[in-house]
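*Asks:* sequence first, predicted coordinates after that:
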Amino acid sequence: MAECATQIIPTPLYSPKLVTVNHELWQGLGLPEAWLDEDNLVRQLFSADTPLTKLSIAQKYGGHQFGQWNPMLGDGRGLLLAEVIGADGAKHDLHLKGAGPTPYSRHADGRAVLRSTIREYLASEAMHHLGIPTSRALCLFTTDEPVYREQQERAAMMIRTAPSHLRFGHFEYYHHSNEPEKLDKLFAYAFKHHFPQARQAENPHLAMLQEITSSTAKMIAKWQAYGFNHGVMNTDNMSIHGITFDYGPYAFLDDFEPHYICNRSDHQGRYRFSAQPSIGLWNLNALGQAFRRYADIPSITGVLESFEETLIAHYHELMLRRLGFSEKTTEALACITEFTLLLQTTKHDYHLAFRELCGHQSWAQMHEVRDLHLDIESFDKWFTNYQSAINAQNISFVDLQSRLTKENPAVVLRNHHAQNVIEAAEAGDFEPFNAYLAALSTPFSEPVSAPRFATAPDADVKGIALSCSS
């Protein structure tokens, strides 16, 4: 990895304050309990020659950004601190976001702002508890140190974890830079540390590409099933592990609008919600170019052709579970299509539409959900077909309700709630942050102490679009 990195230590924040620590994750990583002391953790992060800084590095990579190749990318405000072996026996990177300037900062200050750091912390934990593969948030620091973006904001730092921080853009960079020896070393590192099973295959590189293709397809299937719009699916934001990575102007859908664009800088809608599967495949094709040194084009193409089948199969599996089915039948699949079309036509809230099917004592009571839909006639038609399809699988109503409650969250991250949390935090009040984080950490339970987190947004704050600034 030394071939694609520069060693550097973090630039200290002015008077940093530890806002929160993810204790469950901390223990799972086997990190020293002594570091939980705020002063001790600050010393570990900002003193030279500590376990977290003596080998900290900023990585170099490239990426296709909105379809255009950019070789001038890298960790502009983040440092890879260390790799640890967790209680699960797996490797986990510790990465410090907002660590100060690096050789790849492109004249920027290398800081992260409190706003974007809170958004990443909330999103990564929300995604994890929904069962969607993601990087995770370990701890969050803030400070009164000002940073300047579109306006003056407060600086912050966050340690995040991931199986590794290897991106599609790492491999693309050495391919497009025509540095085959360095590309060989990068692949050797990836095989040794992250794809040991692929290394045993007849063609290890094709086996590795197959793993990446499969995990990426399943990740995006989960995005589509749970209504998540990433917003900036550049190849430098794509992980080789198929995890959600580099949270920017993301959003969960409010009303079901398949062509929703969460990134206000995405004027052409390249990364709109409905385009995420096709962009995922586009990105894999871009990554596949780096494999041409090791396999012929037809073989690479053959691997990538499995993407669509994997994604559709996993999406159907997830959506069947969300509607309580136990088997994949023609009638059950039709219920998925008809339900999403109903939501699209009536602009019904995507998440509430599923949760509204939960918590009923009988089919008759469940049918009363019709009054919440604008097109009652279409709902009645769907409901009749749905009840018939469920009965055909011999699923009792009690079992159905149990299935629905386990698969359909009461709480998802809403941008208007996140904005309220951010505004309070910028004023020094982190109680709303803690309350929202707690609700997002148990998404399938009703938030009894904060029921507002389970409601749809008012019309004036639906579908908020955000910028990429961080």
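*Replies:* Received the coordinates, thanks. Residues are numbered from 1 along each chain as shown.

*Asks:* distance check, the residue nearest to residue 245 when sequence neighbours are not counted against residue 441.
*Replies:* What sits nearest to residue 245 in space, not counting adjacent residues and going by Cβ to Cβ, 6 or more residues apart in numbering, is residue 239, at 4.3 Å. Placement of C-beta: from N, CA and C, glycine included. Between residue 239 and residue 441 the distance is 22 Å, computed by Cβ to Cβ, to the nearest Å.

*Asks:* comparing these two, which shows the higher neighbour count?
*Replies:* Ranked by neighbour count (other Cβ atoms under 10 Å), residue 239 and residue 441 place residue 239 first, with 23 against 15.

*Asks:* wait, doesn't the more buried one sit right on residue 170?
*Replies:* No: assessed by Cβ atoms under 8 Å, residue 239 is found out of contact with residue 170, at 10.3 Å.

*Asks:* need the contact partners of stretch 22-39.
*Replies:* 17-18, 21, 40-41, 44, 84-88, 92, 94, 125, 136-139, 161 (Cβ atoms under 8 Å, 6 or more residues apart in numbering).

*Asks:* next step: the residues you listed restricted to helices.
*Replies:* 40-41, 44, 125 (DSSP state H).

*Asks:* just the buried residues of those residues.
*Replies:* Those of the ones in helices among the contacts of stretch 22-39 that meet the buried threshold are 41, 44, 125, by 16 or more other Cβ atoms under 10 Å.

*Asks:* export those as a markdown table, with columns for distance to residue 189 and pLDDT.
*Replies:* Below are these laid out as a markdown table (distance: Cβ to Cβ, whole Å; pLDDT from 0 to 100):
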| residue | distance to residue 189 | pLDDT |
| --- | --- | --- |
| 41 | 29 | 93 |
| 44 | 26 | 92 |
| 125 | 29 | 98 |
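
*Asks:* closest to residue 396 out of the residues you listed?
*Replies:* residue 125 (34.4 Å; Cβ to Cβ).

*Asks:* pretty sure the closest one sits against residue 137.
*Replies:* Yes: judged on Cβ under 8 Å, residue 125 makes contact with residue 137 at a distance of 5.8 Å.

*Asks:* tell me who's in contact with residue 143.
*Replies:* Applying Cβ under 8 Å, 6+ apart, the residues contacting residue 143 are 13-17, 154-156.

*Asks:* for residue 303, same thing?
*Replies:* 206, 209-210, 213, 288.

*Asks:* now, of these, which are buried?
*Replies:* Here, 16+ other Cβ under 10 Å leaves 206, 209-210, 213, 288 buried among those.

*Asks:* any chance of JSON lines for those, columns distance to residue 57 and pLDDT?
*Replies:* Rendered in JSON lines, the data for the buried ones among the contacts of residue 303 read as follows (distance: Cβ to Cβ, whole Å; pLDDT from 0 to 100):
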{"residue": "206", "distance to residue 57": "30", "pLDDT": "99"}
{"residue": "209", "distance to residue 57": "26", "pLDDT": "99"}
{"residue": "210", "distance to residue 57": "29", "pLDDT": "99"}
{"residue": "213", "distance to residue 57": "28", "pLDDT": "99"}
{"residue": "288", "distance to residue 57": "27", "pLDDT": "99"}
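
*Asks:* inside helices: which ones of those residues?
*Replies:* Counting by DSSP H, the buried ones among the contacts of residue 303 contribute 206, 209-210, 213, 288 to helices.

*Asks:* determine which two of those residues are furthest apart.
*Replies:* Pairwise distances across these (Cβ to Cβ) peak at 11.1 Å, for the pair 210 and 288.

*Asks:* about what we covered before: which of the contacts of stretch 22-39 count as buried?
*Replies:* So, of the contacts of stretch 22-39, 18, 21, 41, 44, 92, 94, 125, 136-139, 161 end up buried under the neighbour-count rule (16+ other Cβ under 10 Å).

*Asks:* can you tell me the helix or strand for residue 398?
*Replies:* helix 397-407 (DSSP states H and E).

*Asks:* ok, the residue nearest to residue 245 - contacts?
*Replies:* With Cβ under 8 Å, 6+ apart, residue 239 has these contacts: 135, 162-168, 245.

*Asks:* of the residues you listed, which one scores lowest on pLDDT?
*Replies:* Ranked by pLDDT, those bottom out at residue 245 (94).

*Asks:* do I have it right that that one meets residue 163?
*Replies:* No: under the criterion of Cβ under 8 Å, residue 245 makes no contact with residue 163, lying 10.4 Å away.

*Asks:* tell me how many other residues surround residue 185.
*Replies:* 16.

*Asks:* same check, this time on residue 106
*Replies:* Other residues close to residue 106 by other Cβ under 10 Å number 12.
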